[in-house]
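# missing the sequence, but the structure's below:
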């Protein structure tokens, strides 16, 4: 193997590692964003009548 081939293999391994780490981080982040969206929808539904009563 030449030095260029070794460098290519190292680059492929690093890219694969970063991709896996990104997926591992993205899954809980996606779940958190869905929960926040759900919470905002619930708060919006409950706050609109309260604000209308104040007016």
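Done, it's in. These numbers were taken from a predicted model, which means no experiment stands behind them. Numbering: from 1, shown residues only.
# Quick one: distance of the helix or strand hosting residue 38 to the chain centre.
Assigned by DSSP states H and E, residue 38 falls within helix 3-54. Put simply, helix 3-54 sits 1 Å off its chain's centre (C-alpha atoms, centre = their mean, to the nearest Å).
# just checking, what packs against that helix?
If contacts are counted by 3 or more C-beta pairs under 8 Å, 6 or more residues apart in numbering; DSSP states H and E, helix 3-54 sits against no helix or strand. From N, CA and C alone the C-beta is placed, and that goes for glycine too.
# when you give positions from now on, start the count at 35
Will do, 35 is the new start, and the previous item becomes helix 37-88.
# any idea of the mean pLDDT for that helix?
For helix 37-88, mean pLDDT rounds to 93.
# How much space separates residue 52 from residue 58?
Distance, residue 52 to residue 58, by C-beta to C-beta, to the nearest Å: 11 Å.
# swap in residue 81?
Taking C-beta to C-beta as the measure, residue 81 falls 36 Å from residue 58.
# How about residue 79?
Counting by C-beta to C-beta - residue 79 and residue 58 are separated by 34 Å.
# now do residue 41
26 Å.
# Counting neighbours, what do you get for residue 48?
Close neighbours of residue 48, defined as other C-beta atoms under 10 Å, add up to 10.
# What of residue 61?
Neighbour count for residue 61, taken as other C-beta under 10 Å: 10.
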